[in-house]
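Peer 1: Have a look; sequence and predicted model below, questions after that.
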Amino acid sequence: MSSKKAVKKPETKTKQRCDDCGKPVDMTMQISAPGSKPGAKLCADCFEKRGKKIASEIIRNGRERLSTHVELLPVSLTTEELLARSDRLANIESEISAEDERHAQMKAELKAGMTRLVSERSRLAVIVSQKSEPRNVEVAVYQVPNSHSVEIVRLDFNQIVRTREMTKEELQMVLPLGELGAANSGGDDPAA
């Protein structure tokens, strides 16, 4: 029987990886700067990049950055953004014109409605103050005896509404034809 001896492999130390790019790291670097965690593991390339960035932030205007935040500031528009804003502006102008027209039409309708209501109010005020209103009532026209006048009489109360002079047509209707006919025929002539 052969005996196999267990061969011990040499222990290899697992290399740490760069926190930024994942490459193997030979050493851990201590970085003490705003925005960096202490004890970051960086490869030499990432250390150089991060160091330059940190250095530029630290020495910007001779001041150390305390914090960052977002503010509303003017930003130049791209050509596409400018075209989109221009299209929206044109659409808004069109919508404003349509709303102005609708507003004018509504204003005219409201004014007409108000005029109608004011007119109705005035009419009703007169009716209420006089305690009567005009209505169609059947009337008769009667000739006043021995005159050229007529009386208008309402038939519901048999009351004289008014008296007026007869019209030419009414005068024609009441001519005494019997007297005129007899005069023309010569029947009552005293000479005969």
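Peer 2: Sure, I can see it.

Peer 1: For residue 173, see how far away residue 156 is.
Peer 2: Distance check for residue 156 against residue 173: by C-beta to C-beta, to the nearest Å, it reads 25 Å. No exception for glycine: its C-beta is placed from N, CA and C like everyone else's.

Peer 1: Helices of the protein, start to end?
Peer 2: 44-59, 79-130, 168-173, 177-185 (DSSP state H).

Peer 1: out of those, deepest packed?
Peer 2: Ranked by mean neighbour count, the helices of the chain are led by helix 44-59 with a mean of 14 (mean count of other C-beta atoms under 10 Å).

Peer 1: returning to what we had before: as a markdown table, the helices of the chain with distance to residue 72 and mean pLDDT would be great.
Peer 2: Formatted as a markdown table, the helices of the chain follow (distance: least, C-beta to C-beta, whole Å; pLDDT from 0 to 100):
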| stretch | distance to residue 72 | mean pLDDT |
| --- | --- | --- |
| helix 44-59 | 23 | 73 |
| helix 79-130 | 16 | 97 |
| helix 168-173 | 90 | 86 |
| helix 177-185 | 105 | 50 |
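
Peer 1: Of all these, which one comes closest to residue 16?
Peer 2: helix 44-59 (12.7 Å; C-beta to C-beta).

Peer 1: Hmm, residue 148 is touching residue 165, no?
Peer 2: Yes: the pair residue 148 and residue 165 qualifies as a contact (C-beta atoms under 8 Å) at a distance of 6.2 Å.

Peer 1: quick check: domain ranges of this structure?
Peer 2: According to automatic domain parsing, the chain comprises the domains 16-62, 77-133, 139-176.

Peer 1: show me the residues around residue 25 that make contact.
Peer 2: 15-18, 41-43 (C-beta atoms under 8 Å, 6 or more residues apart in numbering).

Peer 1: same deal with residue 133?
Peer 2: Residue 133 is in contact with residue 127, counting by C-beta under 8 Å, 6+ apart.

Peer 1: Kindly provide the distance from it to residue 142.
Peer 2: 26 Å.

Peer 1: swap in residue 158?
Peer 2: For residue 158, the distance to residue 142 - C-beta to C-beta - is 11 Å.

Peer 1: Show me which of those two is the more surrounded one.
Peer 2: Taking neighbours as other C-beta atoms under 10 Å, residue 158 and residue 142 compare with residue 142 leading, 12 against 8.
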